[in-house]
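Asker: Give the three-dimensional model of this entry:
(3 chains)
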Amino acid sequence: MNLTQLTAVEIGKKIKTKEIGVVEATEAYISRIEKLDKDYNCFVTVDKEGALKQAEEVQKLIDAGKLTSPLAGVPVAIKDNMCIDGMLTTCSSKILNNFVPTYTATAVEKLQSAGAVIIGKTNMDEFAMGSTTETSYYGETKNPWDVTRVPGGSSGGSAAAVAAEEVPYALGSDTGGSIRQPASFCGVTGIKPTYGRVSRYGLIAYGSSLDQIGPLAKDVTDCAAILEEISSHDKKDSTSAERSDNDFTSALKDDVKGMKIGIPRDYFLKGIDSEVKDKVLAAAKTLEEKGAIVEEFDLNMVEYAIPAYYIIASAEASSNLERFDGVKYGYRTETFTDLHNMYKKTRSEGFGAEVKRRIMLGSFVLSSGYYDAYYVKALKAKALIKQEFDKAFEKYDVILGPVAPTTALKLGESLSDPIKMYLGDIYTVSVNLAGIPGISLPCGYDKNGLPVGLQLLGQTFDEKKIIRAAYAFECTKSYRRPDALTERGL
Amino acid sequence: MVITDETIEYVGILAKLELSGEEKEQAKKDMTNMLEYVGKLNELDTDGVEAMSHAFPISNVFREDEVTNGDDRENLLKNAPDKKDGCYRVPKTFD
Amino acid sequence: MSKVYETVIGLEVHVELATKTKIFCGCSTEFGGAPNTHTCPVCTGMPGSLPVLNKAVVEKAVAVGLATNCNITRNCKFDRKNYFYPDNPQNYQISQLYYPICRDGYVEIEVEGKKKKVRIHEIHMEEDAGKLVHEERSDSSLVDFNRSGVPLIEIVSEPDMRSAEEVIAYLDKLRLIIQYLGASDCKLNEGSMRADVNLSVREVGSEEFGTRTETKNLNSFKAIARAIENERERQIDLLESGEKVVQETRRWDDNKEYSYPMRSKEDAQDYRYFPDPDLVPVIISEEWIEKIKNSQPELRDEKIIRYKEEYDIPEYDIMIITASKKMADIFEEAISLGAAPKKVSNWLMGETMRLMKETDTEADNLKFSAENLAKLIKLIEDKAINGTVAKEVFEKVFAEDINPEKYVDDNGLRTVNDEGALRETIQKIIDANPKSVEDIRNGKQKAIGFLVGQTMKEMKGKADPSEVNRIIKEILG
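Answerer: Residues are numbered from 1 along each chain as shown, chains lettered A, B, ... in the order given. Coordinates of the predicted model:
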């Protein structure tokens, strides 16, 4: 078996037993990137030199017995909205085309101190606004399963890089489904943790009350191990939670006997592709056969999640993105007549269409006379959505459903109609509004051979339950191997 | 509600965005559609519901009043598009 | 002018809190560093950076709220105020709109013997902006973020004041309360206390408020008084000529003594406040409030009562000394170093006040230490120097806070206590002034003064004049 076909934890083991060297592993991935990424465009930045240097240093530390993490020596890619000291960080935007942070995101720092080798920064929808990775200033990322299709987004580069085995795992961020949906489109596994589980320090904000960093990897075991590494209570992030249950690998048990799983009836009523529906319900059946108690229930408020989400996320984004003004960092327009002209030209030239669309909407809903009607109303809807989940979790350990209504869409298909694109987020955004954790993992293929994603949701800080259910499913029916790639000789 | 040219102009001032004629037309259309769509929330009875900023209760997160940062000017100014004498340089301000 | 107008004034007072670090990051708040040397990713608005609240800011804000009779908001929150300006690194200021930390307080002021309550609408916490320096002969400005993120409280009064005198009495009251709490040094000229004046006029007897304007950039009590007078007249002139007052923000230019509107087309004044999702609510418990109350230092009113009981000094002196925390501190410290209260009070009320007036120095800006004042008093008590020399030395203490002992020695100012030498000089003076001796013998006692003066002159002031007087009388029998 090829080294790059291994999972992150498998590579970590082989590095520990000296079957593989860290430099060797790093080189293997870099050469794969060099071979494939011109077709997929998963990366904005590949730091070959830096990665090889890190690899040597990490190898020394491992040899000296100073690094014991299961991920020590394993290469990783980071979504380009997380700051890394000394490495270009663009958010896939022109406005940050030259921004080199002098500090590192806490989640990345956690990986670095565990001995991860950072290979580069992955492509994304500009400022994480989008679900196709087509809004990137640095070109769209293509789905390795079918290059005429999108990888999903906004963490499309991270998901596609894992699917293409250009890297064993990657970090993504999820504001309304940005980890789970690309994981689903690319046939990989991703976790959006409970809000507060992973520090947001150094993550360039989109919707601050919704953003959360999480792993994208080949399987549930990797995701659990990565999440265990990056979860922390960070004094630099006021919204970071102090938890003593970050030992997620302890939940990797192939046992769902007696676990209560609820399936929201509303998720399957309209707009969902029938193949996706069948695969997801089949997955529920599998878990039931393994001893879980599965039943359907009514989860109200589903249709209000997208409106509430777009108001809240756009409002926060309009404020978060005010700092990009050509004064302190990033792009500044060439010519201008005065201060405000400089601001306007810099921002109009620096931001892409989707970002401008959301900034305009967000500024409007916060403006005088509309704040209560839109923003406060959305925060109240958010409270009601959270209540619905709370009610559901009184009865169920885990909620099971699809990640997205369809499999990967054709490139360009959703850009023309924003609302249509937003509707694709129907199963994911409510999770961010409620702050709860969700995992996305492959549960089959459609007739085009594209992966279908299964989503499992848990109550606040109940990551272990969804990890256990996902692991049990994966133990029975694993869809993690990118067979399509192997068949194509890649 | 229908978004007018004036509203687009006004929001452009707030958001510091200068849209081309074509972009303005598109923005008008997009925003009108979007507001109509999110208007769905008006169906909800939210009387007595408290607006929720954070999804889980967390409060009183503080730092102690101790100086932890030194002079990092050189580093921070590295990214400045225009600088002079240890300052960020900008087009003349009004006052 | 046939109509009689009344001025209605409300104040927004910004006070920089005396914390060691900024409100949301661990950068120093110290004044005077080179530009941008007290900055970090948080206070320069770097992407991905996050604010974490300084606990001391909350405690100081609560202390001010308690001392101004406010209700403390048990569950207070921070909001973002969005506007673009280069001194505002995130292009939003973290402030409080919906749930400010204190509400509904008041302070009592006294103007021309009349007491009055000025109500406080709210006090909220927020971050200060950076500093803009305009480059001469260029079309650019330079931004320094050292002040960006320095903690402020904004104290918003109700429109309860009717004259510049009331405004100044109110500001003075706030300044004293806050200084005594140790929450800020409240220096108007250095910007650690800033007042924006909301002013409208209406006909006397009218119940309704007129349209108000907000005037900014007022850096001294004098500027405030002038700006109030100016704005009052401007508004009355407008109304008298049938025009309307426009609700706007104006900037005062104290050199030219006029104000002008600050608003531009690009400034919509629509701040799009919303709760800052990066910060969590501050819940202030009864226990916490009690703790803050108990650790509160002695305030002015309490000090006045104690001084009356402990020290035998006139009430007038007590009022002057306690009118500045700085002076009260010098007073108490000098006493604790052994100086007699009466003596300390005399030096503060006499020479200190004289020199303050002469050099146009405010009490808050006094430079000398209690230690050096106490030393000076000790030198006099020990008769090491006489009163005239002491005044000369004090001028040095006042200006440069020199050590008086060292100064006296270095300049050979110690009184000559060698009676033999003194007698010798006196004899010389007597011999040289037979006319005066004659006058004294004829009962013209005033002539003694002349001889004493001559002796002091000869001794270069280093003698105790009462001693000189005694010896002359003795010699002339």
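
Asker: For the stretch 151-300 of chain C, which segments are assigned as strands?
Answerer: Applying DSSP state E, counting those that start in this stretch to the stretch 151-300 of chain C gives strands spanning C:151-157, C:193-203, C:213-216, C:249-253, C:258-261, C:274-275, C:282-283.

Asker: should've said the stretch 251-400 of chain A
Answerer: For the stretch 251-400 of chain A, the strands defined by DSSP E, counting those that start in this stretch cover A:260-264, A:293-297, A:398-402.

Asker: what do you get for chain B?
Answerer: Along chain B, counting by DSSP state E, strands occupy B:62-63, B:83-84, B:87-91.

Asker: most tightly surrounded among these?
Answerer: strand B:87-91 (a mean of 23; mean count of other CB atoms under 10 Å in any protein chain shown). All C-beta atoms are positioned from the backbone trio N, CA, C, and that covers glycine.

Asker: export the strands of chain B to a markdown table and tack on distance to A:Val355 and mean pLDDT?
Answerer: Shown next, in a markdown table, are those (distance: least, CB to CB, whole Å; pLDDT from 0 to 100):
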| stretch | distance to A:Val355 | mean pLDDT |
| --- | --- | --- |
| strand B:62-63 | 32 | 97 |
| strand B:83-84 | 26 | 94 |
| strand B:87-91 | 23 | 96 |
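
Asker: what's the longest helix in chain C?
Answerer: When chain C is parsed with DSSP state H, its longest helix is helix C:221-240.

Asker: Ignore what I typed, I meant chain B.
Answerer: Looking across chain B with DSSP H, the single longest helix is helix B:21-38.

Asker: For that one, C-alpha coordinates in PDB please.
Answerer: Extracted in PDB, the C-alpha atoms of helix B:21-38 (Å, rounded to 0.1, in the frame of the first residue of the first chain):
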ATOM      1  CA  GLY B  21     -23.800  50.600 -12.100                       C
ATOM      2  CA  GLU B  22     -24.200  47.000 -13.000                       C
ATOM      3  CA  GLU B  23     -23.200  45.800  -9.500                       C
ATOM      4  CA  LYS B  24     -25.800  48.200  -8.000                       C
ATOM      5  CA  GLU B  25     -28.600  46.800 -10.100                       C
ATOM      6  CA  GLN B  26     -27.500  43.300  -9.100                       C
ATOM      7  CA  ALA B  27     -27.200  44.300  -5.500                       C
ATOM      8  CA  LYS B  28     -30.700  45.800  -5.600                       C
ATOM      9  CA  LYS B  29     -32.100  42.600  -7.000                       C
ATOM     10  CA  ASP B  30     -30.200  40.300  -4.600                       C
ATOM     11  CA  MET B  31     -31.000  42.300  -1.600                       C
ATOM     12  CA  THR B  32     -34.700  42.600  -2.500                       C
ATOM     13  CA  ASN B  33     -34.900  38.800  -3.000                       C
ATOM     14  CA  MET B  34     -32.900  38.100   0.100                       C
ATOM     15  CA  LEU B  35     -35.000  40.300   2.300                       C
ATOM     16  CA  GLU B  36     -38.100  38.800   0.900                       C
ATOM     17  CA  TYR B  37     -36.700  35.400   1.700                       C
ATOM     18  CA  VAL B  38     -35.600  36.100   5.200                       C
END
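
Asker: Next, see if that helix gets close to chain A.
Answerer: Yes. For helix B:21-38 and chain A, the contact criterion (CB under 8 Å from any CB of the partner chain) is met by B:23, B:26-27, B:30-31, B:33-35, B:37-38.

Asker: What helix or strand is the residue of the stretch 51-200 of chain A found nearest chain B located in?
Answerer: Residue nearest to chain B within the stretch 51-200 of chain A (CB to the nearest CB): A:Thr102, separated by 4.2 Å. Under DSSP states H and E, no helix or strand contains A:Thr102.

Asker: any idea which residue sits dead centre in the chain?
Answerer: Here I'm looking at chain A. Residue closest to the average C-alpha location in chain A (CA atoms, centre = their mean): A:Ile179, at 2.0 Å.

Asker: hm, I was asking about chain B
Answerer: By CA atoms, centre = their mean, chain B has its centre lying nearest to B:Ala15, at 6.9 Å.

Asker: do you know how far the residue nearest to it when sequence neighbours are not counted is from A:Met421?
Answerer: If the residues on either side of it in the chain are set aside, B:Ala15 comes closest to A:Ser363, at 4.2 Å by CB to CB, 6 or more residues apart in numbering or on different chains. From A:Ser363 across to A:Met421, the span is 21 Å (CB to CB, to the nearest Å).

Asker: Quick check: nearest residue in space to residue 374, chain neighbours excluded?
Answerer: All of this is about chain A. With sequence-adjacent residues excluded and distances taken as CB to CB, 6+ apart, A:Tyr374 is closest to A:Val365, at 3.8 Å.

Asker: Chain C was what I was after
Answerer: Going by CB to CB, 6+ apart, C:Ala374 has C:Leu337 as its nearest residue, at 4.0 Å.

Asker: One more: A:Val76?
Answerer: Closest residue to A:Val76 in three dimensions, ignoring its sequence neighbours and counting by CB to CB, 6+ apart: A:Ala116, at 4.7 Å.

Asker: cool, C:Glu231 as well?
Answerer: Using CB to CB, 6+ apart, the nearest residue to C:Glu231 is C:Leu199, at 5.1 Å.

Asker: Only alpha carbons, please: show stretch B:54-68 as PDB.
Answerer: What follows is stretch B:54-68 as a C-alpha-only set of coordinates in PDB (Å, rounded to 0.1, in the frame of the first residue of the first chain):
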ATOM      1  CA  HIS B  54     -24.400  32.900  22.500                       C
ATOM      2  CA  ALA B  55     -25.700  29.400  22.200                       C
ATOM      3  CA  PHE B  56     -24.500  28.300  25.600                       C
ATOM      4  CA  PRO B  57     -24.200  30.200  28.800                       C
ATOM      5  CA  ILE B  58     -20.800  31.500  29.500                       C
ATOM      6  CA  SER B  59     -20.000  34.700  31.400                       C
ATOM      7  CA  ASN B  60     -17.400  36.600  33.300                       C
ATOM      8  CA  VAL B  61     -14.300  35.800  31.300                       C
ATOM      9  CA  PHE B  62     -11.600  38.100  32.300                       C
ATOM     10  CA  ARG B  63      -7.900  38.800  32.100                       C
ATOM     11  CA  GLU B  64      -6.000  40.100  35.100                       C
ATOM     12  CA  ASP B  65      -4.600  43.600  34.800                       C
ATOM     13  CA  GLU B  66      -1.000  42.600  34.100                       C
ATOM     14  CA  VAL B  67       1.200  43.800  31.200                       C
ATOM     15  CA  THR B  68       2.000  40.800  29.100                       C
END
